[in-house]
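1. Have a look; sequence and predicted model below, questions after that.
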Amino acid sequence: MSHNLFESTTDFLGVFDGITAADAATWSRAASFRDACLPVINEHWQKAEYPLDLVRLLGEKDVMTDGLEVDGHAHMSSLGAGLALMEVTRIDASMGTVIAVQAGLAMRSIAMLGSDEQKKKYLSDMADCSLLGSFALTEPNHGSDSIALETTAVRDGDEFILNGEKKWIGNGASGGITIVYARLESGDVSGFIVPQDTPGYSATVIENKLSLRAIHQAHITLTDCRVPAANQLPNAKSFKDTARVLMATRIGVAWMALGSAVACYEIAREYVLERQQFGRELAKAQIIQQRLANMALDLSQMMLMCREASTREEEGTLAPEQASMAKLHNTRAARRIAADARDMLGGVGILLDNHIARHFADIEAMHTYEGTDTVQSLIMGKKITGFSAYK
């Protein structure tokens, strides 16, 4: 029995035909989010509103662990976590980004780098979304060059004093906690759990975004912000530790790109099957069939990339350059599919009602965050040539 939730015309190679019942159950829980989200998300996106009721629903559906072990929550394999993230993004990329931020970055920082006490205190509440979390690494002057971060953490007795700025921080002004990465006096990088109501923590929502409008990102200023030394992540001892968190999220973005690309392809296919032009269905036109075939080729390659990367992640054999390849390939392919799908709908392709325009815009953010196209290429280039082009 196949547990594949895709139609055969979407998963042309049957890449997900052999998934386990457990992974299929995870995928189905994520798919059930569609009924609540899809009818309202365009209005939230258009108004740049962050629908926290939908965020809490993601927690209720138990899809907010991203493969992490959290007491009281269903276990997800790496493949199951990818399928869940893909499926939520297939519905809406802002909501997919909530999972990427909340679970993929903030929860993963605590799970990988935190103490047992920190895991017990925070992870369960974050998994059910009663507590929001954010991940603050990127700075106004350091995006791709995140290793050069300027935010500082100075020890003062049993506290650390944080000073600096962070930018493009999902959930950073939404209440909850922020995992702030800062440079110690030794020069090493460490992470700190900072409640957002801490004095000296100030965050404003970034406005006028063209992409991912249904989740808020923040510009954060830290001014003599004091946090207990107990809030330091004990296993965040250098930027290499931070990079381990980032590598996992790059696979997540590859899955997200697949989700948005599937949505665009399926909407375009349905449209051309129904749309009449020149006395016949558009789907009978040779050029339309060729374009759909090209999209199916890209989708199949994206699916294979995601499945292989998740298999390697589960086995513990995934290399950074492989994660970069998956992210780079899939966001490029998603852009092609979204552009072709939007064009195939003609004028109505720019209407939010048909959903492609929203995915079209949101893919632009995916293409940039968690490492730009250029940075991912250079990570691969270093492996290919043995020379680093970004030092």
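-> Thanks, I have it.
2. Can you name the residues bridging to Thr152?
-> Residues in a beta bridge with Thr152, per DSSP bridges, are Asn163, Arg183.
3. That one against Leu162, yeah?
-> Yes. With contact defined as Cβ atoms under 8 Å, Thr152 reaches Leu162; the gap is 7.1 Å. Every residue, glycine included, has its C-beta placed from N, CA and C.
4. Overlap of the contact sets of the two?
-> Ala182 (Cβ atoms under 8 Å, 6 or more residues apart in numbering).
5. Those two: who's more crowded?
-> Leu162 (23 against 15; other Cβ atoms under 10 Å).
6. what bits of the protein have low per-residue confidence?
-> Low-confidence segments of the chain, defined by pLDDT under 70, span residues 1, 143-146, 391.
7. So Asp71 versus Asp62, what's the distance?
-> Distance of Asp71 to Asp62, given as Cβ to Cβ, to the nearest Å: 13 Å.
8. in the chain, which residue is closest to the centre?
-> Nearest residue to the geometric centre of the chain (Cα atoms, centre = their mean): Ala100, 3.5 Å.
9. which SS state does that one fall under?
-> Three-state call for Ala100 (DSSP: H, G, I helix; E, B strand; the rest coil): helix.
10. My read is that it contacts Gly252, right?
-> Yes. Shown here, Ala100 and Gly252 form a contact pair, counting by Cβ under 8 Å, at 5.2 Å.
11. so what's in contact with these two at the same time?
-> 85, 370.
12. OK, contacts around the closest residue in space to Tyr201 that isn't next to it in sequence?
-> In space, and not counting its chain neighbours, Tyr201 is closest to Cys225: 5.1 Å by Cβ to Cβ, 6 or more residues apart in numbering. Counting by Cβ under 8 Å, 6+ apart, Cys225 touches 161-163, 194, 198-201.
13. Same check on Leu58?
-> By Cβ under 8 Å, 6+ apart, the neighbours of Leu58 are 33, 64, 88, 95, 98-99, 129.
14. need the helices for the stretch 1-150 of the chain, in chain order.
-> 21-31, 34-47, 52-60, 78-91, 93-99, 108-113, 116-127 (DSSP state H, counting those that start in this stretch).
15. mind listing the strands for the stretch 251-391 of the chain?
-> 276-277, 280-281 (DSSP state E, counting those that start in this stretch).
16. other SSEs contacting the last one?
-> Strand 280-281 is packed against helix 239-274, with contacts defined by 3 or more Cβ pairs under 8 Å, 6 or more residues apart in numbering; DSSP states H and E.
17. Could you give the separation of the helix it packs on from the chain centroid?
-> Here helix 239-274 is found 8 Å from its chain centre; the criterion is Cα atoms, centre = their mean, to the nearest Å.
18. do the same with stretch 7-23
-> 22 Å.
19. sorry, back to before: any figure for the gap between the residue nearest to the centre of the chain and Arg358?
-> 17 Å.
20. still on that earlier bit, of the strands of the stretch 251-391 of the chain, which is nearest Ser77?
-> strand 280-281 (40.8 Å; Cβ to Cβ).
21. strands paired with the closest one, and their directions?
-> For strand 280-281, pairing defined by DSSP bridges yields strand 276-277 (antiparallel).
22. what residues does the strand it pairs with touch?
-> 282, 285.
23. Quick one: closest of the helices of the stretch 1-150 of the chain to Asp298.
-> helix 78-91 (14.8 Å).
24. gap between that closest one and the chain center?
-> Distance, centroid of helix 78-91 to centroid of chain: 10 Å (Cα atoms, centre = their mean).
25. Also compute the angle for it relative to helix 239-274, please.
-> 50 degrees (axes from the mean of the first three to the mean of the last three Cα atoms, to 10 degrees).
26. Now do helix 78-91: which elements does it pack against?
-> helix 21-31, helix 34-47, helix 93-99, helix 239-274, helix 286-315.
27. Compare those and give me the one nearest Gly175.
-> Here helix 93-99 is closest among the helices and strands packed on helix 78-91 (Cβ to Cβ), at 13.7 Å.
28. ok so, going back, mean neighbour count and distance to Ser8 added to the helices and strands packed on helix 78-91, as TSV?
-> Output for those, formatted as TSV (neighbours: other Cβ atoms under 10 Å; distance: least, Cβ to Cβ, whole Å):
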stretch	mean neighbour count	distance to Ser8
helix 21-31	19	16
helix 34-47	15	20
helix 93-99	28	24
helix 239-274	23	12
helix 286-315	18	10
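29. Can you lay out these as JSON lines showing distance to His75?
-> Formatted as JSON lines, those follow (distance: least, Cβ to Cβ, whole Å):
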{"stretch": "helix 21-31", "distance to His75": "8"}
{"stretch": "helix 34-47", "distance to His75": "23"}
{"stretch": "helix 93-99", "distance to His75": "16"}
{"stretch": "helix 239-274", "distance to His75": "16"}
{"stretch": "helix 286-315", "distance to His75": "12"}
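30. Those helices: which one's closest to Tyr390?
-> helix 239-274 (13.3 Å).
31. by contact count, what packs against that closest one?
-> So helix 239-274, by 3+ Cβ pairs under 8 Å, 6+ apart, packs with helix 78-91, helix 93-99, helix 108-113, strand 189-195, strand 280-281, helix 286-315, helix 320-344, helix 356-368.
32. And those: which comes nearest Glu43?
-> It is, among the helices and strands packed on helix 239-274 and with distance given as Cβ to Cβ, helix 356-368, at 11.1 Å.
33. Give me the angle between that closest one and helix 239-274.
-> Computed by the same axes, to 10 degrees, the angle between helix 356-368 and helix 239-274 is 160 degrees.
34. Report the angle between helix 356-368 and helix 320-344.
-> Going by the same axes, to 10 degrees, helix 356-368 makes 160 degrees with helix 320-344.
35. Just the CA coordinates for helix 356-368, please, in CSV.
-> Taking C-alpha atoms only, helix 356-368 is exported to CSV below (Å, rounded to 0.1, in the frame of the first residue of the first chain):
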residue,chain,number,x,y,z
ILE,A,356,0.4,31.3,-7.2
ALA,A,357,1.2,35.0,-6.7
ARG,A,358,1.7,34.5,-3.0
HIS,A,359,4.0,31.5,-3.5
PHE,A,360,5.8,33.4,-6.3
ALA,A,361,6.7,36.2,-3.9
ASP,A,362,7.5,34.0,-1.0
ILE,A,363,10.0,31.9,-2.9
GLU,A,364,12.1,35.0,-3.2
ALA,A,365,12.7,35.0,0.5
MET,A,366,13.5,31.3,0.5
HIS,A,367,16.0,31.8,-2.2
THR,A,368,17.8,34.3,0.1
